[in-house]
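Asks: Okay, sequence plus prediction incoming.
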Amino acid sequence: MQSRSHSKWSWMVLGAAALVVGMASADVPAADGQWPGLWGADRNAAAAGAGWKVGPATQAKVLWRRPIGSGYSEVAIVDGRGYTMDTDGTSDRAVAFDPATGKEIWAVPVGAMYKGHDGSDDGPISTPTVDGGQVFVLGPHGGLFALAAADGKVLWKRDLAAELKIAAPFYGFAAAPLVAGKLVIVQAGGETHNLVAFDRATGKDAWSVAHSKKTGYASPVIATLGGVQQVVSLTADQAFGVRAEDGKLLWNHPVPDEPGRGPLVLPGDRVLVSFWGESILLQLSGNSKDGPFAAKEVWKKPQFRGTYSPTVFHAGHLFGMNGDYLVCVDPATGETKWRQKVYGNSLIRVGDHLAVLGRSSGNLHLIDASPEGYREHLKARVFNPGARSYTGPSFAGGRLYLRNLEELVAVEITG
């Protein structure tokens with residue numbers, strides 16, 4: 001495996017933690033007030049963007065900025081409080097802060113600092129998942145914690161590496177907790193405990209399955225396919241869906257490589273899976289709660305590659321990164337509608353626009369999410385150039401929250 005900071009960093013789904021509740025369509029954005037984990041409430045990297053005014057006079061106003069320890073964790077925002085993970089140079093930490101000011105409220109160590117290696121950087125990888133007053137975090141050494149959102153109190157913890165005899169993935173545990181009803185589910189990546197579920201209240205074992213035999217860094221999602229709600233997971237050898245209550249396999253399909261990000265479920269029972277060199281669109285058929293479903297490959301093309309960024313769906317089209325290029329793709333055929341070099345790293349969709357953060361340029365771009373062509377409304381410097389960011393933007397309460405390896409900032413878009 002090559003460097004996680006410069007090449008095939010398959011897990012970079014970027015950390016991977018998100019509360020994902022019943023995603024029926026990738027084109028339906030969540031309400032703007034919450035961003036409870038990686039890529040938002042529905043793990044489709046989309047927000048409604050109500051009240052945004054984007055046009056010729058659009059500006060990005062930095063409301064505050066603060067130093068932050070190294071790490072790749074995205075920012076979660078729930079009920080007027082922000083959550084992320086970083087390192088203080090000795091320990092990796094789960095951190096809560098005030099979104100209005102950036103001031104730290106509490107910090108809880110989750111293990112010794114994960115030391116960067118083979119081109120990677122120090123610090124934690126996973127993104128906190130926040131739900132029902134609990135914050136679920138996964139440290140890169142395999143410590144799974146349930147914390148009280150109010151004060152960071154440890155409600156329970158598990159050591160995946162020691163207790164389940166799971167060898168740590170080469171770049172550490174990264175695919176993060178998924179809340180599914182009374183369970184919290186983790187893509188652990190072991191050969192005998194590949195996908196594991198715990199009682200969210202107590203941390204006790206619920207079920208464990210090994211539908212894949214290779215490490216999976218990409219975070220699973222909850223989606224409705226064929227009218228059946230299921231957990232969709234992606235590893236280095238399989239894409240598959242299981243029942244959340246017991247992990248029963250509903251369908252699977254072999255894949256050729258390590259995933260570059262988590263699966264994206266599209267309308268019409270389709271699933272997009274992306275890797276470092278190519279993407280595959282799968283069509284699912286079947287409608288039984290017990291399966292089996294059939295997964296058919298519709299197309300395989302190098303349209304979304306060389307990136308850790310999510311791909312988003314809007315106006316019947318896909319928008320995502322192909323190396324340094326932003327591309328718009330017709331999901332029916334896999335054909336590119338347009339492409340533009342933006343030197344971006346990660347994007348989300350806010351309303352009818354794409355918010356794209358540069359990997360090391362420090363630039364934030366706002367671009368139309370339209371198949372008609374590339375139109376940029378804003379290019380603003382939000383970070384000093386140089387420090388890398390592999391962390392996608394977060395959006396809540398009308399603000400964007402952005403981070404790199406050194407700083408965390410809150411940005412307001414004004415028109």
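Replies: Nice, I can see it.

Asks: ends of stretch 177-192, how far apart?
Replies: One end of stretch 177-192 sits 18 Å from the other (C-alpha to C-alpha, to the nearest Å).

Asks: what mean pLDDT would you report for that stretch?
Replies: Average pLDDT, stretch 177-192: 91.

Asks: Are we agreed that residue 161 is in a helix?
Replies: Yes. Under DSSP: H, G, I helix; E, B strand; the rest coil, residue 161 falls within a helix.

Asks: pLDDT score for it?
Replies: At residue 161, pLDDT is 93.

Asks: just the one 3 residues further on next, same as before
Replies: pLDDT recorded at residue 164 is 91.

Asks: The residue lying closest to it once chain neighbours are set aside: what's it in contact with?
Replies: Distance criterion C-beta to C-beta, 6 or more residues apart in numbering; nearest residue to residue 164, sequence neighbours excluded, is residue 193 at 4.5 Å. Using the backbone N, CA and C atoms, a C-beta is placed for each residue, glycine as well. The contact partners of residue 193, by C-beta atoms under 8 Å, 6 or more residues apart in numbering, come to 160, 164-166, 208, 210.

Asks: next one: phi and psi at residue 193?
Replies: With angles defined as degrees, to the nearest 10, residue 193 sits at phi -130, psi 70.

Asks: just the one 4 residues further on next, same as before
Replies: When quoted as degrees, to the nearest 10, the phi and psi of residue 197 stand at phi -130, psi 140.

Asks: Without its sequence neighbours, what residue ends up closest to it?
Replies: Nearest residue to residue 197 in three dimensions, chain neighbours excluded: residue 206, at 4.1 Å (C-beta to C-beta, 6+ apart).

Asks: Who are the contact partners of that neighbour?
Replies: 183, 197-199.

Asks: Confirm it sits in a strand?
Replies: Yes. Checked against three-state DSSP, residue 206 lies within a strand.

Asks: Now for residue 89, how many residues are close by?
Replies: Other residues within reach of residue 89, judged by other C-beta atoms under 10 Å, total 10.

Asks: An error on my part: the question was meant for residue 250.
Replies: Residues lying near residue 250 (other C-beta under 10 Å) number 24.

Asks: Find me the pLDDT at it, would you?
Replies: Note for residue 250: predicted pLDDT of 96.

Asks: Can you verify my assumption that it contacts residue 292?
Replies: Yes. In this structure, residue 250 is within contact of residue 292 by C-beta atoms under 8 Å, at 6.6 Å.

Asks: shared neighbours, the two?
Replies: Any residue near both residue 250 and residue 292 by C-beta under 8 Å, 6+ apart counts here, and that gives residue 286.

Asks: how far away is residue 367 from residue 342?
Replies: 8 Å (C-beta to C-beta, to the nearest Å).

Asks: Now for those two: what residues contact both?
Replies: Any residue near both residue 367 and residue 342 by C-beta under 8 Å, 6+ apart counts here, and that gives 326, 356.

Asks: returning to that earlier point: who wins on neighbours among the contacts of residue 193?
Replies: Neighbour counts for those, by other C-beta under 10 Å, peak at residue 160, which reaches 23 neighbours.

Asks: Might you report the residue contacts of that one?
Replies: Neighbour list for residue 160: 138, 142-144, 166, 173, 186, 188, 190, 193, 196 [criterion: C-beta under 8 Å, 6+ apart].

Asks: Which one (most neighbours) among those?
Replies: Ranked by the number of neighbours (other C-beta under 10 Å), the contacts of residue 160 place residue 138 first, at 35 neighbours.

Asks: shouldn't that one be in contact with residue 178?
Replies: No. Look at residue 138 against residue 178 with C-beta under 8 Å: they stay out of range, at 10.5 Å.

Asks: And for residue 223, the neighbour number?
Replies: By other C-beta under 10 Å, the residues close to residue 223 number 27.

Asks: Check which helices and strands the host helix or strand of it sits against.
Replies: Secondary structure assignment for residue 223, by DSSP states H and E: strand 221-225. Other helices and strands packing on strand 221-225, by 3 or more C-beta pairs under 8 Å, 6 or more residues apart in numbering; DSSP states H and E, are strand 178-180, strand 228-234, strand 264-266.

Asks: What pLDDT does the model give the nearest residue to residue 88 once chain neighbours are set aside?
Replies: The spatial neighbour of residue 88 that comes closest, neighbours along the chain excluded (C-beta to C-beta, 6+ apart), is residue 69 at 5.5 Å. pLDDT recorded at residue 69 is 97.

Asks: now swap in residue 287 and tell me
Replies: pLDDT, residue 287: 83.

Asks: Identify the residues contacting residue 406.
Replies: 67-68, 70, 383, 387.

Asks: now residue 232: how far from residue 279?
Replies: Distance, residue 232 to residue 279, using C-beta to C-beta: 15 Å.

Asks: Return the residues in contact with residue 268.
Replies: Contacts of residue 268 (C-beta under 8 Å, 6+ apart): residue 283.
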